[in-house]
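A.B. asks: requesting a structural model of the entry that follows:
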Amino acid sequence: MTDRIMLLDTASLYFRAFYGVPDKVKAADGSSVNAVRGLLDMIAKLVTTYRPTRLVACWDDDWRPAWRVDLLPSYKAHRVVEAVPSGPDVEEIPDPLEAQIPLIRETLAALGIPVVGAPEHEADDVIGTLATRADAPVDVVTGDRDLFQLIDDARGIRIIYTARGMSNLEIVDDSAVLGKYGVHAAQYADFAVLRGDPSDGLPGVAGIGEKSAASLLEAHGSLDAIRAAVEDGTAGTPAQRAKIAAAADYLAVAPTVVRVARDLPLAPFDDALGPVDEDAATALAEKWNLGSSMTRALAALPR
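C.D. replies: Got it, this is the predicted structure:
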C-alpha cells in the first residue's frame, strides 16, 4: 500500500458530528454520545475511502492563542464565553458536546490514533507543522478554509473538505482553489487577510471583497507586493489603494494571525495506522452504547 498520511482537524469534525447526528441514542446513564458516534463513523468512512497508512488526530491545545489575540483582539472574540487571563479563554461549546470530549480522546486512544496538540497553538498549527514535515502525500480533513493555504500539488498535500457533509466530501487541490476563488492555494492566506472572515473575527480590508482581493493578487502575486505597489501608486484603482493604505495597521499583523505555524517542536509519536486496543474499544462501546459506530471503526482499522 502506498504510504499516505491523514491529518484530522479533530474539533472541526466533532463539532460537525455533534450538530449532524441526532441525539437519540444515549449511554446507559442518559449521557449524550452523538458526537462520539458521529466521529467514529467519520473515521470509518475516511479510512475506508482514502486508505491512509498513517493517521493523526490534531488537537486544539489552545483554540484562541494569546499571541494571536495580542496581535488582533477581534480574533474569534465572538466565541468567548469567559476570558481567562492565565490560560486559554473558555470557548462557547454546548454542554452536551463538552461532556463528550474526554470520551472522544479515550476512544481515539483505544483505536490507536495519536492525539497531537501543542501548547499555545491550535490544531491548524499542528496540521501545518506535520504537513510541512511530511515525507509522503497528505490528506488534511477539515471544514476550515484557512487550511487551503497548505495545499501543495507537487508534494501531494490536499484537503478533504467536509463543509458539505460527509456524504459530499470534496477533494480540494490548487486547481479547485483557483477555480473557486481566483487565487492559487499558496496565495490563500493573503487572500483571506484582504477579504476577511467573520467566522474567525477577521475584519479584512474595508471595501475589498473577494473579487478585488483576487484581482490584486493575480496582478501582484502576494500581499507584500500589493502593499509595495500601493506605496508606489501602481496597485489597483486609486480607491483600492486608499482602502489598503488605511488598513496598514491591520495588514501589519493579520498575516501572522492567519498563517498557520509550520515549525512547532512536537514531541515524537507513532502515527502508523493501528493496531487498535480491541478490548478497550469494545469495553467503551459497551459502556457508552457506541454500538455500530464502533463496529464500523474497528472494521476499517487494522487489528
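
A.B. asks: per-residue pLDDT of D173, please?
C.D. replies: On the pLDDT scale, D173 is placed at 98.

A.B. asks: which ones are touching it?
C.D. replies: I151, D153, R158, I159, A185 (C-beta atoms under 8 Å, 6 or more residues apart in numbering). In this view, the C-beta of every residue, glycine as well, is placed from N, C-alpha and C.

A.B. asks: thought A66 was touching E120?
C.D. replies: Yes: with contacts counted by C-beta atoms under 8 Å, A66 reaches E120, the gap being 7.0 Å.

A.B. asks: need the contact list for D70.
C.D. replies: Applying C-beta under 8 Å, 6+ apart, no residues contact D70.

A.B. asks: over to Q187?
C.D. replies: L217, G221, S222.

A.B. asks: counting neighbours, which of those residues comes out on top?
C.D. replies: Within the contacts of Q187, neighbour counts (other C-beta atoms under 10 Å) peak at L217, which reaches 22 neighbours.

A.B. asks: what helix or strand is that one located in?
C.D. replies: helix 210-220 (DSSP states H and E).

A.B. asks: which helices and strands sit right next to that helix?
C.D. replies: Packed against helix 210-220 by the contact rule (3 or more C-beta pairs under 8 Å, 6 or more residues apart in numbering; DSSP states H and E) you find helix 188-195, helix 223-231.

A.B. asks: tell me the most buried of those?
C.D. replies: Mean neighbour count, computed with mean count of other C-beta atoms under 10 Å, is highest for helix 188-195 among those, reaching a mean of 24.

A.B. asks: and it, how far out from the chain middle?
C.D. replies: 16 Å (C-alpha atoms, centre = their mean, to the nearest Å).

A.B. asks: what's it in contact with?
C.D. replies: 145-146, 148-149, 151, 177, 181, 183, 202, 204-205, 208-210, 212-214, 216-217, 222-223, 226, 251, 254-255, 258-259.

A.B. asks: re the thing from before, and the helix holding L217 with helix 188-195, angle?
C.D. replies: Relative orientation of helix 210-220 versus helix 188-195 (axes from the mean of the first three to the mean of the last three C-alpha atoms, to 10 degrees): 130 degrees.

A.B. asks: buried residues in helix 210-220?
C.D. replies: By neighbour count with 16 or more other C-beta atoms under 10 Å, helix 210-220 contains the buried residues E210, S212, A213, A214, L216, L217, H220.

A.B. asks: so for that helix, mean pLDDT?
C.D. replies: Helix 210-220 shows a mean pLDDT of 97.

A.B. asks: would you mind writing the CA trace of the helix of greatest length in the chain as CSV?
C.D. replies: What stands out as the longest helix in the chain, according to DSSP state H, is helix 34-50. Extracted C-alpha coordinates of helix 34-50, given in CSV (Å, rounded to 0.1, in the frame of the first residue of the first chain):
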residue,chain,number,x,y,z
ASN,A,34,-23.9,11.6,19.3
ALA,A,35,-20.6,13.4,18.7
VAL,A,36,-18.6,10.3,19.6
ARG,A,37,-20.7,8.1,17.4
GLY,A,38,-20.5,10.6,14.6
LEU,A,39,-16.8,10.9,14.8
LEU,A,40,-16.3,7.2,14.8
ASP,A,41,-18.5,6.9,11.6
MET,A,42,-16.4,9.7,10.0
ILE,A,43,-13.2,7.9,10.8
ALA,A,44,-14.5,4.7,9.4
LYS,A,45,-15.6,6.3,6.2
LEU,A,46,-12.4,8.4,5.8
VAL,A,47,-10.1,5.4,6.3
THR,A,48,-12.1,3.1,4.1
THR,A,49,-12.4,5.7,1.3
TYR,A,50,-8.9,7.2,1.2
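
A.B. asks: in JSON lines: the contacts of Q187, plus distance to D70.
C.D. replies: As requested, those are exported to JSON lines (distance: C-beta to C-beta, whole Å):
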{"residue": "L217", "distance to D70": "27"}
{"residue": "G221", "distance to D70": "29"}
{"residue": "S222", "distance to D70": "24"}
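
A.B. asks: mind listing the strands for the stretch 1-150 of the chain?
C.D. replies: Remark: strands assigned in the stretch 1-150 of the chain by DSSP state E, counting those that start in this stretch are 5-9, 54-58, 80-82, 90-91, 115-116, 138-142.

A.B. asks: compare these and give me the one nearest V126.
C.D. replies: Closest approach to V126 among the strands of the stretch 1-150 of the chain (C-beta to C-beta): strand 54-58, 4.3 Å.
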